[in-house]
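Enquirer: Sequence first, predicted coordinates after that:
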Amino acid sequence: MSEANVPQNQAPYRQLHDVSLDDGVIVQAFANLYGCRIGAQTRVGTFVEIQAGASVGAACKIQSHTFICEGVTIGDRVFVGHGVTFVNDKYPRSTNETGMLQTADDWELLPTLIEDDASIGSGATILGGLRVGRGAVIGAGAVVTRDVPAEVVVVGNPAKPSG
Amino acid sequence: MSEANVPQNQAPYRQLHDVSLDDGVIVQAFANLYGCRIGAQTRVGTFVEIQAGASVGAACKIQSHTFICEGVTIGDRVFVGHGVTFVNDKYPRSTNETGMLQTADDWELLPTLIEDDASIGSGATILGGLRVGRGAVIGAGAVVTRDVPAEVVVVGNPAKPSG
Amino acid sequence: MSEANVPQNQAPYRQLHDVSLDDGVIVQAFANLYGCRIGAQTRVGTFVEIQAGASVGAACKIQSHTFICEGVTIGDRVFVGHGVTFVNDKYPRSTNETGMLQTADDWELLPTLIEDDASIGSGATILGGLRVGRGAVIGAGAVVTRDVPAEVVVVGNPAKPSG
């Protein structure tokens, strides 16, 4: 039985800083997690980055090459495929109006909510400030620019309900 | 001359478990390969994951940030660009009907075949259960949802023959 | 104060070979940089690869999971999101007409220029041989197949000016 806050498995080349891990979390090699919360039994794949302020529920699968940014809240039993990218800024810029590198004061965080039992296909991009409803399905490679109602399947760029 | 089953090159931070590598295979840093077969002279880039049950032919290039899953068979002389994502499940879910994490018994593997001399552009997503014919070309960023005939070029989301 | 050619920060699992780093460059863990130039104060995220012959200006942000290839020149104060993929070859192939692995003599490099203050959204794919004008914005998940004029916003696959 694993202790809370320590991955259940061994894997090399992980970066885990200031994370809150519930029981039974598995984190694969080459993952970079900091300041985030991960619920019980959730599995995190290789080459995944989860930023400070992000929260992932229990019994989720977060697959390889996925990026979960600050402001993203993921419910329970959510599937997040490989190479999924979340966004939290409408007008990302490197520098502010004075030409200095942006700081947290220079932009508005757009929070995103992925509700329980949703499924996000591999290669999808999820813009900031959106809500993906319970049990919704995002097709592989979709670019999600609007809220997705519960149980609805969306595909394409921009993502629309699947005929 | 390299010996079979050992990469020809040295590179740090590689994870190679239970792999079958033919002569002259090159594997770059930060690659994660397990239970797969790689043909002679094929080159595998950084941040690549190739899962158990996947097979890559000879003289291929598998570029950085690409994910090749179980059920994918790639022929000889195939180019797979950077950030390409394969899929092997039509309805991916984190948990089964009883709310437990899915196991191999809970879903159907959709095998994909990429025939000899095909070329898959960077950033493409290839859905499961498809066949990409000999010498076909998948445009960069395409989302492939149907079989692609030999020598045909497809682009877009969903991918269609290029005008 | 950092010395030139050494990242300002400490981070494990970096590969930095033959790179030219100006003052104040930050490079995160799991980055793979070789033969490239990075301007002052620019930040390079995790899982980023920047190839030989690529050049990045000053005060840029290059976010996680991004691939910058040979032939790409990026100006100053450019934002490059997460999971962005550049391309430098129109007809990528693994092998040449004789069936041998391609070498630098077998293909034409298509140079790409990203001008100052541009912003490239996460998940975007930028084809080779293009120019993205000063202050232009590439939407998240866009596939850019043509030049983008200065200050123009493009979205979609293929990317078109945003209505």
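Expert: Now that the structure is in, tell me what you want to look at.
Enquirer: check contacts around the residue nearest the centre of chain A.
Expert: Nearest to the mean C-alpha position of chain A, counting by Cα atoms, centre = their mean, stands residue A:68 at 3.2 Å. Counting by Cβ atoms under 8 Å, 6 or more residues apart in numbering or on different chains, residue A:68 makes contact with A:36, A:48, A:49, A:50, A:51, A:54, A:56, A:62, A:74, A:80, A:86. For the C-beta atoms, the positions are set from N, CA and C on the backbone; glycine is no exception.
Enquirer: And it, how far from residue A:28?
Expert: From residue A:68 across to residue A:28, the span is 15 Å (Cβ to Cβ, to the nearest Å).
Enquirer: And residue A:15, by the same measure?
Expert: Residue A:15 sits at a distance of 12 Å from residue A:28 (criterion: Cβ to Cβ).
Enquirer: And those two? Which one has more around it.
Expert: Set residue A:15 next to residue A:28 and count neighbours by other Cβ atoms under 10 Å in any protein chain shown: residue A:28 wins out with 23 against 19.
Enquirer: could you list every residue that touches the closest residue to that one other than its chain neighbours?
Expert: Sequence neighbours aside, residue A:46 is the residue nearest to residue A:28 in space, at 4.5 Å (criterion: Cβ to Cβ, 6 or more residues apart in numbering or on different chains). Contact partners of residue A:46, counting by Cβ under 8 Å, 6+ apart, are A:28, A:29, A:30, A:31, A:64, A:65, B:32, B:49.
Enquirer: same thing but 10 Å
Expert: Residue A:46 is in contact with A:11, A:13-14, A:27-31, A:63-66, A:82, B:15, B:30-32, B:47-49, B:67, C:47, counting by Cβ atoms under 10 Å, 6 or more residues apart in numbering or on different chains.
Enquirer: now swap in residue A:37 and tell me
Expert: Counting by Cβ under 10 Å, 6+ apart, residue A:37 makes contact with A:19, A:20, A:21, A:22, A:50, A:53, A:54, A:55, A:56, A:57, A:73.
Enquirer: Buried by neighbour count, from those: which ones?
Expert: Taking 16 or more other Cβ atoms under 10 Å in any protein chain shown as the criterion, what is buried in these is A:19, A:21, A:22, A:50, A:53, A:54, A:55, A:56, A:57, A:73.
Enquirer: Output those of the residues you listed also counted as contacts of chain B.
Expert: Contacts with chain B within the buried ones among the contacts of residue A:37, as defined by Cβ under 10 Å from any Cβ of the partner chain: residue A:57.
Enquirer: ok so, going back, in strands, which of the contacts of residue A:68 fall?
Expert: Secondary structure from DSSP state E places A:49, A:50, A:56, A:62, A:74, A:80, A:86 of the contacts of residue A:68 in strands.
Enquirer: Select only the buried ones of these in PyMOL?
Expert: With 16+ other Cβ under 10 Å as the burial test, the buried ones among these are selected in PyMOL as follows:
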select buried, chain A and resi 49+50+56+62+74+80+86
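Enquirer: For chain C, state which of the ones in strands among the contacts of residue A:68 is nearest.
Expert: Nearest to chain C among those, counting by Cβ to the nearest Cβ, is residue A:49 at 5.1 Å.
Enquirer: Just confirm the closest one contacts residue C:82, I think it does.
Expert: Yes. Using Cβ atoms under 10 Å, residue A:49 is in contact with residue C:82, at 8.1 Å.
Enquirer: shaky segments in chain A?
Expert: Chain A contains residues with pLDDT under 70 at A:1-3.
Enquirer: Show which residue of it lies farthest from the average position.
Expert: Relative to the centre of chain A, the most outlying C-alpha is that of residue A:98, 31.5 Å out, by Cα atoms, centre = their mean.
Enquirer: Now do the same contact list for that one.
Expert: Applying Cβ under 10 Å, 6+ apart, the residues near residue A:98 are residue A:106.
Enquirer: Buried among the contacts of residue A:46? Need that as a selection in ChimeraX.
Expert: Per 16+ other Cβ under 10 Å, the buried members of those correspond to this ChimeraX selection:
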select /A:11,13,14,27,28,29,30,31,63,64,65,66,82 /B:15,30,31,32,47,48,49,67 /C:47
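Enquirer: Please identify which of the contacts of residue A:37 is nearest to residue A:161.
Expert: For those, the minimum distance to residue A:161 (Cβ to Cβ) is 23.5 Å, reached by residue A:73.
Enquirer: wait, what's in contact with the closest one?
Expert: Shown in contact with residue A:73 (Cβ under 10 Å, 6+ apart): A:37, A:53, A:54, A:55, A:56, A:57, A:111, A:112, A:113, A:114, A:115, A:131.
Enquirer: I am finished for the moment; much appreciated.
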